[in-house]
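**Q** Predicted model, plus sequence, below.
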Amino acid sequence: MAIIINLDVMLAKRKMKSMELAKLIGITEQNLSILKTGKAKAIRLSTLNEICKHLDCQPSDILEYTKDNKEN
């Protein structure tokens, strides 16, 4: 997939643990892990909103698009 999830980077910058963020945004650690590893097929905008609110960042700090050579 051409979407890269940079959630680990933002967590490290904010010195926050996944468990803490999961509690703050109201999802399980397992679901947050699925998102962090890029295995999620979708993300709710309300979840992205909560992540950005608690990490004080923009969606572009979390999600990054790169051209996937397999798309050609």
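**A** Done, it's in. Numbers count the residues shown, from 1 in each chain.

**Q** outside of stretch 41-48, which residues touch it?
**A** Contact with stretch 41-48 is made by Ile25, Ile27, Leu35, Pro59, Ile62, Leu63, as judged by C-beta atoms under 8 Å, 6 or more residues apart in numbering. In short, each C-beta sits where N, CA and C put it, glycine included.

**Q** neighbours around the fifth one, how many?
**A** Taking other C-beta atoms under 10 Å as the neighbour definition, Ile62 ends up with a count of 20.

**Q** are any of the contacts of stretch 41-48 buried, and which?
**A** Among the contacts of stretch 41-48, the ones that count as buried by 16 or more other C-beta atoms under 10 Å are Ile25, Ile27, Leu35, Ile62.

**Q** show me the contacts for the third one.
**A** With contacts defined as C-beta under 8 Å, 6+ apart, the neighbours of Leu35 are Ile5, Leu7, Ile43, Thr47.

**Q** That one in helix, strand or coil?
**A** When classified by DSSP: H, G, I helix; E, B strand; the rest coil, Leu35 comes out as helix.

**Q** any idea how far Lys67 is from it?
**A** To Lys67, Leu35 is 22 Å away according to C-beta to C-beta, to the nearest Å.

**Q** For stretch 21-41, buried residues please.
**A** Neighbour-count burial for stretch 21-41, counted by 16+ other C-beta under 10 Å, picks out Leu21, Ala22, Ile25, Ile27, Leu32, Leu35, Lys36.

**Q** quick one, helices of the protein?
**A** Assigned by DSSP state H, the helices in the chain fall at 7-13, 18-25, 29-36, 45-55, 59-62.

**Q** Throw those helices into a markdown table and include mean pLDDT, thanks.
**A** Putting the helices of the chain into a markdown table (pLDDT from 0 to 100) gives the following:
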| stretch | mean pLDDT |
| --- | --- |
| helix 7-13 | 96 |
| helix 18-25 | 96 |
| helix 29-36 | 95 |
| helix 45-55 | 97 |
| helix 59-62 | 96 |
